[in-house]
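Novice: Fold the following for me, if possible:
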Amino acid sequence: MPIHPRESDQAVPDPADPAPEGAARPPRGDLPRSGPPTGQGPDADEQLGPDAAGGPAPSEDQHTAELKELEDRWRRALADLDNLRKRHTRELERERTAERSRTAAAFLPVLDNLELALTHAGSDPGAIVEGVRAVRDQGVNVLELLGYPRYAETGVVFDPARHEVVGVVQDPDAPPGTVVQVLRPGYGDSERQLRPAAVTVAKRE
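Specialist: Numbering: from 1, shown residues only. The predicted structure follows:
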């Protein structure tokens, strides 16, 4: 009869003993791993490569496409600016032409009255003076409507912004530094001055 060994008499393998050749060793969950897992630890970025943290690097074709798009936008902006400058120049020239036409048209009635005065000068020589005076007043009114009022006052204090001295006279009846005579009227004021009035001024004592 065969003799079977008891369970207590069977040898229990020591975990520290090396396993026989060709035998699989059981897993040991209590033993620490020899190093950090792949992709972790202080050298993880170097192990994964330079583009692992920020995603894939843009390709050269993508850079070229972006540069081409920026260049196209820059060229379109230059073209729009040039078109705007040309349009502004055309509009400015149209405004200048229209303003010259309006100013010339405002003086047409003045010329018409001069023609009428010259026509009647032969039949009534005395009427020419009144006719010329009326035409003068009409021209002054046109300038005032255009924003250039006439000033030719005497007895006012000399103002270098409005008057141009062409002579100094001794006048006991006029206060020193005042306008005694206006030789040429002035038109306009401040920034809209066409010309100052040419005057003589009373001498200061």
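
Novice: so is residue 86 in a helix, a strand, or just coil?
Specialist: Three states are possible here, and by DSSP: H, G, I helix; E, B strand; the rest coil the one that applies to residue 86 is helix.

Novice: Now for it, how many residues are close by?
Specialist: By the measure other C-beta atoms under 10 Å, the count of residues near residue 86 is 10. Using the backbone N, CA and C atoms, a C-beta is placed for each residue, glycine as well.

Novice: Now do it, the pLDDT please.
Specialist: Per-residue confidence at residue 86 stands at 94 (pLDDT).

Novice: next one: residue 131
Specialist: Checking the pLDDT column for residue 131, the value is 82.

Novice: Report how many residues lie close to it.
Specialist: Residue 131 has 18 neighbouring residues, counting by other C-beta under 10 Å.

Novice: In contact with it, which residues?
Specialist: When contacts are counted by C-beta atoms under 8 Å, 6 or more residues apart in numbering, residue 131 is found next to 113, 116, 117, 120, 121.

Novice: and it, helix, strand or coil?
Specialist: Assigned by three-state DSSP, the conformation of residue 131 is helix.

Novice: So it versus residue 70, what's the distance?
Specialist: Taking C-beta to C-beta, to the nearest Å as the measure, residue 131 falls 73 Å from residue 70.

Novice: next one: residue 156
Specialist: As defined by C-beta to C-beta, residue 156 lies at a distance of 66 Å from residue 70.

Novice: Same question for residue 124.
Specialist: The separation that residue 124 has from residue 70, given C-beta to C-beta, amounts to 82 Å.

Novice: can you give me the strands in this structure?
Specialist: Per DSSP state E, the chain has strands spanning 150-151, 163-169, 179-184, 186-187, 197-202. These are given in chain order.
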